[in-house]
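In: next comes the sequence, and after it the predicted model I'd like to discuss.
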Amino acid sequence: MKIISIIPARGGSKGIPKKNIKKLGDKPLIAHTIQHSLNSKLIDRTIVSTEDIEIMEIARDYKAEIIERPNELAGDTVSSELVIEHAINVIKKEGFNFDIVVLLQCTSPLRRKNDIDDALKLLLENNYDSVFSVVKNRNFIWKKNNDNITPFFDYKNRPRRQDRDLEYAENGSIFIFKTKTFEKEKNRICGKRGIYIMPYESSLEIDTPFDFWLCEQWLKSYHAPILGR
């Protein structure tokens, strides 16, 4: 059984310019995720998909393979599924056959040391077609439709937060799926699904300058070997 990781990293970023190569701690943001993948005992190939020359150079410096992504797949409205499909097709044309894909997003740099392999084992041991990482959620969620505000809970009989039914929110850190099932359904969450639960402190996604700052503070205060270094 062969397993690859795909790390999508485009050059354009509106919220944080050149986000994927911006220094986080002692290395560029993308380098954290590359090292998480390379440190996995189960992943056979670590591949960065990008159209950006600077990202390519950094990815090579950190020992990742490169798939050059066409510009039409590098816009901010392009779905991850199209990027995954392109990468799968390129790798298959090389003649390399693989059974499982691990999608790792650069914006989730706080994975713990064993998160990727533990999520892979969850998929393999339960014969799931896909597994994705989540964080527990007991927030009170409302939906706004024009001037109409609708709750997703019984606000007239508001329970204590700890008494609410537990929900799970995607944290964007790890998506794992069988290649054949993805090709059939064209979605990274496919077939028989499982969830891999991560703690809140490992689930930060970097989308804004504040997120980046918060992540920096956490890395400064946290014991680095516990993370996926």
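Out: Structure received. Numbers count the residues shown, from 1 in each chain.
In: quick one: what helix or strand has Asn171 in it?
Out: strand 167-178 (DSSP states H and E).
In: can you list the strands that that strand pairs with?
Out: Partners of strand 167-178 in the sheet, by DSSP bridges, are strand 100-104 (antiparallel), strand 130-137 (antiparallel).
In: contact partners of the longest one?
Out: Yep, that's strand 130-137 we're talking about. Here strand 130-137 makes contact (Cβ atoms under 8 Å, 6 or more residues apart in numbering) with 115, 119-120, 122-123, 166-178, 181-182, 188-200, 203. From N, CA and C alone the C-beta is placed, and that goes for glycine too.
In: buried residues, it. List them.
Out: Ser130, Val131, Phe132, Ser133, Val134, Val135 (16 or more other Cβ atoms under 10 Å).
In: kindly report the same for stretch 153-162.
Out: Buried residues in stretch 153-162 (16+ other Cβ under 10 Å): Phe153.
In: same check, this time on stretch 23-43
Out: For stretch 23-43, using 16+ other Cβ under 10 Å, the buried residues are 24-25, 27-37, 39-40, 42-43.
In: how far out from the middle of the chain is that stretch?
Out: Centre-to-centre, stretch 23-43 and its host chain are 12 Å apart (Cα atoms, centre = their mean, to the nearest Å).
In: and for that stretch, what are the contacting residues?
Out: With Cβ under 8 Å, 6+ apart, stretch 23-43 has contacts from 3-5, 7, 9, 19-22, 46, 48, 55, 58-59, 62-64, 102, 104-109, 111, 113, 115-117, 120-121, 206, 212, 215-216, 219-220, 228-229.
In: tell me which of those fall in helices.
Out: Counting by DSSP state H, those place 55, 58-59, 115-117, 120-121, 212, 215-216, 219-220 in helices.
In: now the buried members of those residues.
Out: Among the ones in helices among the contacts of stretch 23-43, those scoring as buried are Ile55, Ile58, Ala59, Asp115, Ile116, Asp117, Leu120, Phe212, Cys215, Leu219 (criterion: 16+ other Cβ under 10 Å).
In: which of these sit farthest apart?
Out: Longest distance between any two of those is 28.2 Å, between Leu120 and Phe212; criterion Cβ to Cβ.
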